[in-house]
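Engineer: Output the structure for:
(one chain, ligands or ions: 2)
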Amino acid sequence: MIHRNKITTLTEFIIQRQSEYPHAKGALTRLLNDIATAAKIVNREINAAGLVDILGTVGKRNIQGETQKKLDVYANEMFITALKGGGECCAIASEENEKVISFSNEFSEKGKYVVAMDPLDGSSNIEANVSIGTIFSIYKRVTEVGGGTQSDLLQPGIHLTAAGYVIYGSSTMLVYSTGKGVNGFTLDPSVGIFCLSHPDMRFPETGKIYSINEGNYIYFPEGVKKYIKYCQENDAPTHRPYTSRYIGSLVADFHRNLIKGGIFLYPGTTKQPNGKLRLLYECSPIAYLAEQAGGKASNGINRILEIEPKTLHERSPFFVGPRSMVETVETFMRQNHKK
Ligand code: AHM
Ligand code: MG
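Structural biologist: Residues are numbered from 1 along each chain as shown. Ligands and ions are numbered 1, 2, ... in the order given. Modelled structure (predicted):
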């Protein structure tokens, strides 16, 4: 029970939620707190990025062939350290690491959970002081003993225990779900505490925003091209033409669309048939949050949460937003599907 006239901190909220599960022993509570602690430290570094000489590339390329920024590396290390030290997580899959990071020391291998994460998503926006984010997924391990393995991580989103993101924006927020709705917490930087600011977040029934990198238009499938034209048509009853908004940070685009009502699209292209976004630590956790907020997420044909990942870094076309908007784009995809 949340008292609206009282400030509820993230820690209090997580503990309240734990009491709804009579058999819970607090492992997930501790794990979520570890993530929140790492997020605060990463937030501090991001805020200081303009002040200290931390910007610029490290020079290495990550396994996606993209140049890593220093803050990506920092955030990755910080989340790994927090999760390893917390003892509740026995393995991590990260966008920045080719293989699973397995904790096989006596302390961490007892952890019941594994975490898939994008420690700093949208990092090409760092230099421009544009919002970036951290995305995380939490699964129960499927193996029974030892350090966690790849099979613990290659689970479809329907098996998620929890997922969330941190948005480092005009204010810093942590938004998460454990399968009973979505709640958002804003960081009070003066005291370093996340406070419940957005209880029970829900997608509006429909929206007026579409978010897509239209620079790739010529490479899009026919269904997406037709959907974009649909968004731009004049039709007062459906509030068209829609507004186009695209930040280029998944977390920030999704967060805005969740609050204001809009669809985010990253389709496959003729150059990249599976699009750009990674299933395990970008699409699945955001899809989980979308569904928990009453929305929908699809690869154009199938529900994202039902896709079984085959590899850690596989990509998927991604359409996410209010249910009615995603269903409309799915209709366009079906009608224009080349046999
Ligand atoms: P990243 O993980 O390398 O930062 O890439 C993911 C980001 C998403 O946040 C965003 O939605 C997308 O890439 C933008 O891609 P593009 O620049 O092709 O529009
Ligand atoms: Mg990313």
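
Engineer: drop to CA atoms for contacts and neighbour counts, all remaining ones
Structural biologist: OK.

Engineer: in the chain, what spans have low per-residue confidence?
Structural biologist: 1-5, 22-23, 50-62, 64-69, 339 (pLDDT under 70).

Engineer: any idea which helix or strand carries the residue nearest the centre of it?
Structural biologist: The centre of the chain sits closest to I135, judged by Cα atoms, centre = their mean, with a distance of 3.7 Å. Secondary structure assigned from DSSP states H and E places I135 in strand 132-140.

Engineer: helices or strands up against that strand?
Structural biologist: Under the contact criterion of 3 or more Cα pairs under 8 Å, 6 or more residues apart in numbering; DSSP states H and E, strand 132-140 touches strand 113-121, helix 150-153, strand 160-168, helix 250-260, helix 284-292.

Engineer: now for the fourth one, which elements pack on it?
Structural biologist: So that's helix 250-260. Judged by 3+ Cα pairs under 8 Å, 6+ apart, helix 250-260 is in contact with strand 132-140, strand 160-168, strand 209-211, strand 262-266, strand 318-322.

Engineer: got the residues of the stretch 51-200 of the chain near ligand 1?
Structural biologist: 121-123 (Cα under 6 Å from any ligand atom).

Engineer: between the helices and strands packed on strand 132-140, which one is nearest to F318?
Structural biologist: With Cα to Cα as the criterion, F318 lies closest to helix 284-292 of the helices and strands packed on strand 132-140, at 9.0 Å.

Engineer: and the angle for the closest one with strand 160-168?
Structural biologist: Direction vectors for helix 284-292 and strand 160-168, defined by axes from the mean of the first three to the mean of the last three Cα atoms, to 10 degrees, enclose an angle of 100 degrees.

Engineer: who does helix 284-292 touch, helix- and strand-wise?
Structural biologist: Under the contact criterion of 3+ Cα pairs under 8 Å, 6+ apart, helix 284-292 touches strand 132-140, strand 160-168, strand 172-177, strand 295-298, strand 318-322.

Engineer: and the angle for it with strand 172-177?
Structural biologist: 70 degrees.

Engineer: How is the protein divided into domains?
Structural biologist: Under the assignment automatic domain parsing, the domains of the chain span 4-198, 209-335.

Engineer: How far does the last one stretch from one end to the other?
Structural biologist: Between the opening and closing residues of domain 209-335 there is a gap of 23 Å (Cα to Cα, to the nearest Å).

Engineer: that older thread, just list whatever residues bridge to the residue nearest to the centre of the chain.
Structural biologist: When bridges are called by DSSP bridges, I135 pairs up with D118, Y165.

Engineer: Hmm, it is touching S284, no?
Structural biologist: No: contact criterion Cα atoms under 8 Å: I135 and S284 do not qualify, at 10.0 Å.

Engineer: Report the secondary structure state of the residue nearest to Q18 when sequence neighbours are not counted.
Structural biologist: Take Q18 and drop its neighbours on the chain: the residue closest to it by Cα to Cα, 6 or more residues apart in numbering is A24, 6.4 Å away. Assigned with DSSP: H, G, I helix; E, B strand; the rest coil, A24 falls in the coil class.

Engineer: do stretch 255-273 and ligand 1 meet at all?
Structural biologist: No: applying Cα under 6 Å from any ligand atom, one finds stretch 255-273 separated from ligand 1 by no less than 7.2 Å.

Engineer: what comes up buried for that stretch?
Structural biologist: Within stretch 255-273, the residues scored as buried using 16 or more other Cα atoms under 10 Å are 255-258, 261-269.
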